[in-house]
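1. From the sequence below, what's the structure:
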Amino acid sequence: MDSICKFSIGQIIHHLRFDYRGVIIDIDSNFQGSEAWYREMAISKPPRDKPWYHVLVDQSNLVTYVAEGNLEEETPGNPIEHPLVKKYFNGFEKGFYQLNFS
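-> Numbers count the residues shown, from 1 in each chain. Coordinates of the predicted model:
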């Protein structure tokens with residue numbers, strides 16, 4: 001059964017375990033990666049049947065895949081710095097990025 005997502009595309013989040021900020025660019029209602037990736041990368045073994053998020057990491061070139069339980073809402077603040085922000089978003093208002101539909 002699909003889960004209701006706690007976060008949305010364009011929302012700035014904070015990773016609880018690795019202490020970074022980022023912006024959500026896509027959402028999977030449940031884990032969509034490979035078994036090998038999960039065994040190697042998902043060290044805390046988060047649930048596969050809950051939402052997972054694709055995140056642009058602030059002040060880096062990284063794009064991460066993160067389980068919902070490892071994230072918390074970032075209080076509205078500054079935009080993030082990432083080379084792909086303009087590919088996905090066309091603006092930043094009231095703490096949220098606006099999707100680029102073009």
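
2. Now the terminal residues of stretch 88-98, how far apart.
-> Terminal residues of stretch 88-98 are spaced 8 Å apart (Cα to Cα, to the nearest Å).

3. who touches it?
-> Contact with stretch 88-98 is made by 10-12, 23, 25, 56, 75-77, 79, 85, 99-102, as judged by Cβ atoms under 8 Å, 6 or more residues apart in numbering. Heads up, the C-betas are built off the backbone N, CA and C, glycines and all.

4. In helices only, show me the residues you listed.
-> V85 (DSSP state H).

5. Name every strand pairing with the top strand by length along the chain and say which way it goes.
-> Ranked by residue count, the top strand of the chain under DSSP state E comes out as strand 21-28. As defined by DSSP bridges, the strand partners of strand 21-28 come to strand 12-15 (antiparallel), strand 52-57 (antiparallel).

6. what comes up buried for that strand?
-> Within strand 21-28, the residues scored as buried using 16 or more other Cβ atoms under 10 Å are 21-25, 27.

7. One more: stretch 29-42?
-> Counting neighbours by 16+ other Cβ under 10 Å, stretch 29-42 gives 31, 42 as buried.

8. next one: stretch 93-102
-> 96-97.

9. Same check on stretch 79-92?
-> Of the residues in stretch 79-92, 79-80, 82, 85, 88-89, 92 count as buried by neighbour count, 16+ other Cβ under 10 Å.

10. Just those: which are in strands?
-> Among those, DSSP E puts 89, 92 in strands.

11. Tell me the one of the buried residues of stretch 79-92 nearest V63?
-> Proximity to V63 was ranked across the buried residues of stretch 79-92 by Cβ to Cβ; first place goes to H82, at 8.4 Å.

12. Could you say which of the strands paired with strand 21-28 is packed most deeply?
-> Comparing the strands paired with strand 21-28 by mean neighbour count (mean count of other Cβ atoms under 10 Å), strand 52-57 comes out on top with a mean of 23.
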